[in-house]
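J.: Kindly return the folded structure for what I paste below:
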Amino acid sequence: MVTTRSGLKSAAAVLGASALLAGVGMGMASAPAHAATARNGVCESGEFCYYYNSGEAGSVSDFTTSVGNYGTDKATCYVFKGSGNGKGLCIKNNAASVWNRTSKPVYVYYNSNYGGASQKIAAGAKANLNSTLKNNDASHHIGAISTGSCKNSFGNPHTCAQAVTWAKNHLGSTSLGTGMCDHVVGLAYGWSSSGSSTAYVHWTQVPAADKHAGSRSVPAGGLAFFKGGSSGAGHVMLSLGGGQFASTDVGANGRYQAGHYNKTTIATIESSFGETYLGWTQPWFNH
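T.: I've put the predicted structure just below:
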């Protein structure tokens, strides 16, 4: 039998109607679950959420990642986004309770960059912040922070401590060049170059055993890497410890300024450079 084009359309219509009726008979299949949407003011599965009031009440501020500094400038700080009391306020030093909807423990810290007193919030738990942290929240970390230390076991001319001293001695310099981040961390460790063509390439070359993807707790001497940039070269900077880093192309305020070498933080690089943090590595160089 030859089926005409109109016959094909009719058959398709019948099949479509049958499928629709089948769906109605089954109550229609549920839509697939979607990943949480960060920063939309709704506390969804997979997120860590702050509330303005105790007892998980008031406006919500939701996160899918660790944040080392919430900021206090109303133009750039992390704010409460959900409806209710506190909406629009910076969350730093303004939160009273939390809900951890991630699968890991979350640590809330009194100081920025995961410093000072902390409170552990178990996976899935709701809690009021304790008397120390209530309205005194400055950062949070999803999952336990690495307690690793910088290793002096890669044949570098300088030790970790010597590299940190080199970096501190060069803070404020304007003679290290623009876009030379990977070269400069090599200089800090006593090399004439890093041995890699770009910071991102350097990251990809570091052995897995010496790489800590996603960890924002970087020991003094560790190398913090980012991906992105107009050419895809990424960025790298040297940890001074305590959440502070020495970086090329950074001004005295810690934000982007070509040709300058100063202190900054991971969060500031993310916002100022518009690059994505990858994690930190031991001082491994391609030599």
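J.: going forward, measure contacts and count neighbours with C-alpha atoms only.
T.: Fine.
J.: which residues of this structure fall in strands?
T.: Taking DSSP state E to define them, one finds strands in the chain at 48-53, 57-63, 97-100, 106-111, 115-121, 126-128, 139-142, 211-213, 223-227, 235-241, 244-250, 256-264, 276-281.
J.: Export those strands as TSV, with columns for mean neighbour count and mean pLDDT.
T.: Formatted as TSV, the strands of the chain follow (neighbours: other CA atoms under 10 Å; pLDDT from 0 to 100):
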stretch	mean neighbour count	mean pLDDT
strand 48-53	28	98
strand 57-63	25	97
strand 97-100	26	98
strand 106-111	23	92
strand 115-121	17	87
strand 126-128	17	98
strand 139-142	24	90
strand 211-213	18	87
strand 223-227	25	97
strand 235-241	26	97
strand 244-250	26	97
strand 256-264	21	97
strand 276-281	22	94
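J.: Compare these and give me the one nearest residue 200.
T.: strand 223-227 (6.0 Å; CA to CA).
J.: and the closest one, how far out from the chain's middle?
T.: Strand 223-227 sits 11 Å away from the centroid of its parent chain (CA atoms, centre = their mean, to the nearest Å).
J.: low-scoring pLDDT stretches of the protein, where are they?
T.: Scanning the chain with the threshold set as pLDDT under 70 gives 1-35, 145-147.
J.: Tell me how it divides into domains.
T.: Following automatic domain parsing, one gets these domains for the chain: 48-142, 160-281.
J.: still on that earlier bit, so for residue 158, which of the strands of the chain sits nearest?
T.: Comparing the strands of the chain by CA to CA, strand 235-241 comes nearest, at 13.4 Å.
J.: What lies in contact with the closest one?
T.: The contact list for strand 235-241, computed with CA atoms under 8 Å, 6 or more residues apart in numbering, reads 164, 167-168, 181-182, 185, 199-200, 218-229, 245-248, 275.
J.: Next, the angle from it to strand 223-227.
T.: Relative orientation of strand 235-241 and strand 223-227, computed by axes from the mean of the first three to the mean of the last three CA atoms, to 10 degrees: 150 degrees.
J.: Parallel or antiparallel, which strands does strand 235-241 pair with?
T.: strand 223-227 (antiparallel), strand 244-250 (antiparallel) (DSSP bridges).
J.: Reformat these as JSON lines; add distance to residue 136.
T.: What follows is the strands paired with strand 235-241, written out as JSON lines (distance: least, CA to CA, whole Å):
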{"stretch": "strand 223-227", "distance to residue 136": "27"}
{"stretch": "strand 244-250", "distance to residue 136": "21"}
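J.: looking at these, which is closest to residue 73?
T.: Among the strands paired with strand 235-241, the nearest to residue 73 by CA to CA is strand 244-250 (19.4 Å).
J.: measure the closest residue to residue 226 other than its chain neighbours to residue 232 for me?
T.: Excluding the flanking residues, the one nearest residue 226 by CA to CA, 6 or more residues apart in numbering is residue 277, at 4.3 Å. From residue 277 over to residue 232 the distance is 13 Å, taken as CA to CA, to the nearest Å.
J.: Alright, I will stop here.
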